[in-house]
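J.: Could you work out the structure for the sequence below:
(chains A and B, ligands or ions: 2)
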Amino acid sequence: MKGEPKNHRELFQKINDVLVRRYWNRLAWFENQPLSSDKVCKPVHEVFDYVLSAIKMGLDKRSETAYCGSLFLYSVLRETQRRFTSDVNEANELHEVGKELALFLWNGLEKEFSENDQVNLTARIEKLKSEISDYLWNEFSKIRFRRLEGQNE
Amino acid sequence: MSEIRRMLIFVILLMMGFGSFLLPSVSAHVVSEKDWLNDPHDHGDAKIVYLKAYQFGFSIKAIQEGSQLEVFPEGSEPSILKVDKGDRVVFRIISEDVTHGFYIDGYSPSPVDQKIVIQPGKIVEVGPITFDRSGKFKIRCSVTCGPLHPFMVGDIRVNPNFGYYSYAAGSLLAGILTLAYLRRGPVNRMLGISLEKEVDLLRVRGIGPILKRILQWRGFHFAVIWPGLLIFAVVIVAGFVGNPVGNKNFSIAVVWILWFALVEFMILFAGRSWCTVCPLPALGEWIARRRLYGVHRIRKWFTFGLKWPGSLNNMWLGSLLFLTMSLIIPWLVTRPVVSGLLFVILISVGTILYITHPPRNFCRSICPAGAYIGHDSNASIYSVRSRDKGICDLHKAKECIRGSPEGYGCPWRLYPGGHDENTYCGQCYECLKSCPLDNMTVKIRMIGKDLAHMAVKAKNRFDEAWMSFIRFTLGIFYILVFFGPYAWIKDWGNMGVNFGANLASIGLLVPGIEGVVNWFRWAIMVAGVSLVVYPAIFYAFSWISKKVAKAEEDTKRIFLAFSYGLIPYIVFIWVAFAVAILLVFWVYPITAFSDPLGWGWNLLGFKFKWDPIHPQSLPYVLSSLAILGMALSINSTYNIAREMFKDHSRAYRATSVMALLHVVSAIVFVWVVAG
Ligand code: SF4
Ligand SMILES: [Cu+2]
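T.: Ligands and ions are numbered 1, 2, ... in the order given. You can find the predicted model right below:
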C-alpha cells in the first residue's frame, strides 16, 4: 500500500466523509460523557479485525471483502441502536466504504501474510489501525469543536 | 384479504355441509350352520349377499334373491355390490384367512359402539340392512388384519346414484361457468379475485409484528426443527424395532398419515412450510455452519464447498425419486422397516451433501418431498417476497444473497429480493433476517398468482411439466388404488406379500417370482400413466389448443406453459386425498404418540379405537374439492394463455380446449370417489 499513498489518503477521506454523514451525525455530539475513540471508530475497527482473521483463515478475498461492507453497515446500525435502515442510499454508501476499506487492507496485508511473517503482520495491522483511528478521531474532534463553537456563538 | 377469507369460509362450509347423525346398531351374530352358501333362515324379502373377506379386500361370492341364487365363478367375484334404494340386504360373511372386521360407511354404527368381527371358520350374519339412502358407500375392514388393512375396502353402490350424477354434471357445469366467466376476459384475476392484491402479513395489525419478531428471531429455525428431529428419531427407531404392522407403528402412522396429509394443507395455506421445519438436512446445515442457530462471526464453513453440477440443477431427480417412491408406495406406507430405512437414507444423504456440496442442494434437487412440495407450492396463498422490488433494484450489496451479520445468504441459492415463484424458496426466513432494509416479508395472495409468468418463462422446463403430470395422475390414481375396491391392484403393488415387517422380520418381505412379476405390471401401469399416457393426452390437447387459437407459438411451448395450469388442480386433488386419509385414519397417528412402537404402551394416557369421521360424505367432499381445483385450473390456464398470446380471444379459445380435458379429469375423479 505504500505504493498508493494517493488512494490511501482518498480512502481515509471517503471513510471520514461517510462516517460524518451516516454515523457521527447520529451520535449525540454533545453527550455528557465524552465519546471514546473506540466508539467513534467502531465500524472501522470491526472491519480491521475481520480482515485479519479472514486472511489468517485463508478465506476467499472477494466474498469476504464484500461481506465486510455489510459488517461496516451493521456496525453503524448497531452503534446507533437500529436493526434496520429504511434508506437504501445509506445501506449502499456504508457498504461500499466498508468494502473498499477491506479490500485496501486485504491487498496490503495478504502479501505479508503469504510471506508468513505473522509478527510483522500483526505489527503492521496495529500500526495502520492506530493511524486511521488517530486520523478519524482527529477529524471527529475538529468537527465537534466547530459545532460546539457554533453553538456558543 | 376479505375475499380470501370469504373463499376459505366457503371451502370450510363445503366440507362441513354434511351433518352427521347417529346410526342405530345393526343385527350381527355368528350363525352355526356349516354350509355357507345354503342359508336355512327366512329373511323375508331381503337379498342375501354371500361375502368373502380376505387379505386385502371383500368380494361377493353369491347373491340370493328369494330362491334365486346367483353364484359368481372363482376369480371373477365382484368387489362392488350394486343394490337399489330401499333394498334390504342380509350379509353372510366368512373370512378366507385371518380375522377381519366389517363396517359400512354411513350404515354401520360407530365401530367403537359395535364392532363386527369375522373370524375364520365362522359365518357371521349381518342385517337385514335397509339401504334407504342412495350413493356410494364403502365396506371397510375394522380389525387390523395385516399390512394393507387400512386399505381393505369394498364398494356398495345404492342406485340410483344421484350423488354421482349430480357431481359429474356439477363438474361440467363448473367448467362451463368458469368459461363463461372467462369470456369477459378478466385480467390477472382468479375466479373473481384479483391476483394483484397481496397482504403483507407482517404488517397486519395485531399478529403482524409478533410474527415478524418470531421470524426474525435467530433461534426460530432451530426451535422449530429440533422437535421434528426428535419425531424422526422416533420414526426410525419405531421403523426398525416397533410393531411390524403399519398402522400400529409410529413410523407409518405419523409419516404416512399425519405428515403426508398435513403437508398437503400446508402447501395450500403455507407454501413450503414443511421445509421450514424439516429435520432431514438440518444436521448437515448445523455442522456446515458450526452453529445451531447463530451466525458465523468469521464466515468459515465446515464444508468441501464443491459446486453442484448444473445438469442436476432442476427437479428431474426429485420428481423421479417421487415416482420411484410411488412405485413402492404399498410397501412404503405399510411396512415400518421400509420407512425407517428410507429416512435413514434421506437423513444421511442430506447431511453428507450439505457438507460436500453446500448449501441446500439436497433440498433443491434430490429430496422427493422437496420436489413436489416446492412444485405444488406455486399454487399456495403464501409466499416469501420482497416488499418493494424497486428498493432491491437500488440496493447494491444484496445481503439476502450474500449474507449479513444477522443472517445467512439464501441457502437455496436464490435472490430472495427478486424472486417471484415458490418452487425453490424453502421458507427458512434467512432473508428476513439478513436484509438490512427490512424489505423481505410474507405475502398472502390469491392462489395462482405466479403461475402465468412462470409458465411463460418456462421454455424448457420439462422437469416441472412432468412433475405436474406425475403429481396429477398419481393424485387420482392413489385414491383409486388405496380407497378403491380393486384388491388386485393393491396386490400387484404389494407384490402379494401379506406380512408387515420391522428390522427383525425384514426377511418376510422377500416376494415370490409371481409377486415380482405382478409388481412390474403395477410399476409399468403407474409409470406409464403418469409419464406417458397422460402427458400424451395433454400434448394432444395442447396441439388442438394451438390450432383452435391459431397461435404462432409452437406446441411444445404451449404444452409446457399449460402444464403449470395444472398446479392448483393438483393441490386440491391432494388436499382431497389428505381429507380422506385424516377423516378415516385420524386415530392412528394420535394413538401412535401414546404407543409409538405399537407394543401396547399407553404413555400419554389415551388410546382411541378406529372410528372414521362421517366417511359417507367423503365422496362429495372430495368431489367438491376437485371441482374447485378444476375451476382454478381452467382460470389459471386462461391467465397463462393470456400472458403468452397477449390476446383475449386466442387465450379464450385455447383455454376452452384445455378446459375440456380438465372437466373430463374431474368427471373421472368424481367417478373414482362417488361413482
Ligand atoms: S437485501 Fe433486502 S433490499 Fe437488498 S436485495 Fe435483498 S431483499 Fe432486497
Ligand atoms: Cu381385514
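J.: Let's verify residue A:67: helix, strand, or coil?
T.: Following DSSP: H, G, I helix; E, B strand; the rest coil, residue A:67 is assigned to helix.
J.: Which parts of chain A are helices?
T.: Under the criterion DSSP state H, helices of chain A are mapped to A:5-22, A:37-40, A:42-57, A:61-79, A:88-114, A:118-152.
J.: most tightly surrounded among these?
T.: Burial among those, expressed as mean neighbours by mean count of other C-beta atoms under 10 Å in any protein chain shown, is greatest for helix A:61-79, which shows a mean of 22. C-beta here means a position set from N, CA and C on the backbone, and glycine is covered the same way.
J.: what's the angle from that one to helix A:42-57?
T.: On the basis of axes from the mean of the first three to the mean of the last three C-alpha atoms, to 10 degrees, helix A:61-79 is oriented at 150 degrees to helix A:42-57.
J.: Packing partners of helix A:61-79?
T.: Identification of packing neighbours for helix A:61-79 by 3 or more C-beta pairs under 8 Å, 6 or more residues apart in numbering or on different chains; DSSP states H and E yields helix A:42-57, helix A:88-114, helix B:399-402, strand B:403-404.
J.: hmm, back to that, for residue B:564, which of the helices of chain A is the nearest?
T.: Set against residue B:564 and scored by C-beta to C-beta, the helices of chain A come closest in helix A:88-114, at 33.2 Å.
J.: and residue B:103, helix, strand or coil?
T.: Three-state secondary structure (criterion: three-state DSSP) places residue B:103 in strand.
J.: show me the contacts for the closest residue to it other than its chain neighbours.
T.: Nearest-residue entry for residue B:103: residue B:142, 4.3 Å, with adjacent residues in sequence omitted and distances by C-beta to C-beta, 6 or more residues apart in numbering or on different chains. Contacts for residue B:142 were tallied using C-beta atoms under 8 Å, 6 or more residues apart in numbering or on different chains; they are B:101-103, B:111, B:115-116, B:610.
J.: how far away is the most centrally placed residue in chain B from residue B:473?
T.: For chain B, the residue whose C-alpha lies nearest the mean C-alpha position (C-alpha atoms, centre = their mean) is residue B:574; its distance is 3.6 Å. Here the criterion is C-beta to C-beta, to the nearest Å. By it, residue B:574 lies 12 Å from residue B:473.
J.: Same question for residue B:299.
T.: Residue B:299 sits 45 Å away from residue B:473, going by C-beta to C-beta.
J.: Spell out which residues of chain A are next to chain B.
T.: Taking C-beta under 8 Å from any C-beta of the partner chain, the part of chain A that reaches chain B is made up of A:50, A:53-54, A:57, A:59, A:63-64, A:66-67, A:69-71, A:73-74, A:77, A:83-86, A:88-89, A:91-92, A:95-96.
J.: Apply 6 Å and report the result again.
T.: The interface of chain A toward chain B, taken as C-beta under 6 Å from any C-beta of the partner chain, is made up of A:53, A:57, A:69-71, A:73-74, A:84, A:88, A:91-92, A:95.
J.: Provide the count of other residues in contact range of whichever residue of chain A sits closest to ligand 2.
T.: Checking chain A residue by residue against ligand 2 with C-beta to the ion singles out residue A:83 as nearest, at 59.5 Å. Counted by other C-beta atoms under 10 Å in any protein chain shown, the residues lying close to residue A:83 total 12.
J.: and it, backbone torsions?
T.: According to degrees, to the nearest 10, the main-chain angles of residue A:83 amount to phi -100, psi -30.
J.: Kindly state the pLDDT recorded for it?
T.: The score at residue A:83 is 92. That number is its pLDDT.
J.: got any ranges where chain A has weak pLDDT?
T.: Confidence mapping of chain A against pLDDT under 70 gives the ranges A:1-6, A:28-34, A:114-117, A:151-153.
J.: Dump the helices of chain A into CSV; add distance to ligand 1 as well.
T.: Output for these, formatted as CSV (distance: least, C-beta to the nearest ligand atom, whole Å):
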stretch, distance to ligand 1
helix A:5-22, 17
helix A:37-40, 27
helix A:42-57, 19
helix A:61-79, 9
helix A:88-114, 7
helix A:118-152, 28
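J.: Including distance to residue B:63, could the ones you listed go into CSV?
T.: Supplementary listing: the helices of chain A in CSV, determined by distance: least, C-beta to C-beta, whole Å:
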stretch, distance to residue B:63
helix A:5-22, 88
helix A:37-40, 93
helix A:42-57, 81
helix A:61-79, 76
helix A:88-114, 78
helix A:118-152, 94
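J.: which stretch among those comes nearest residue B:199?
T.: Smallest distance to residue B:199 across the helices of chain A (C-beta to C-beta): 23.8 Å, for helix A:88-114.
J.: the inter-axis angle of the closest one versus helix A:118-152?
T.: For helix A:88-114 and helix A:118-152, the angle between their directions (the same axes, to 10 degrees) works out to 150 degrees.
J.: returning to that earlier point: check the secondary structure at the residue nearest to residue B:103 for me.
T.: coil.
J.: Show the pLDDT at it.
T.: The score at residue B:142 is 90. That number is its pLDDT.
J.: And for the one 10 residues further on?
T.: Residue B:152 is assigned 91 on the pLDDT scale.
J.: which residues touch it?
T.: By C-beta atoms under 6 Å, 6 or more residues apart in numbering or on different chains, the contact set of residue B:152 is B:56-57, B:141.
J.: how about 8 Å then?
T.: Contact partners of residue B:152, counting by C-beta under 8 Å, 6+ apart, are B:53, B:55-58, B:100, B:140-141, B:145, B:487.
J.: Ramachandran coordinates for the residue nearest to the centre of chain B?
T.: Given degrees, to the nearest 10, the pair of backbone angles that residue B:574 has is phi -80, psi -30.
J.: Test my guess that it contacts residue B:471.
T.: Yes. Using C-beta atoms under 8 Å, residue B:574 is in contact with residue B:471, at 7.3 Å.
J.: Spit out the residues that contact those two alike.
T.: Common neighbours of residue B:574 and residue B:471, counting by C-beta under 8 Å, 6+ apart, are residue B:376.
J.: which residue ranges form the helices in the stretch 351-500 of chain B?
T.: For the stretch 351-500 of chain B, helices defined by DSSP state H, counting those that start in this stretch occupy the ranges B:361, B:368-376, B:389-394, B:399-402, B:430-434, B:451-457, B:462-483, B:487-493.
J.: Tell me, how many residues neighbour the nearest residue to residue B:608 once chain neighbours are set aside?
T.: If you skip the residues right next to it in sequence, residue B:608 has residue B:587 as its closest partner in space, 4.5 Å away by C-beta to C-beta, 6+ apart. Counted with other C-beta under 10 Å, residues neighbouring residue B:587 total 19.
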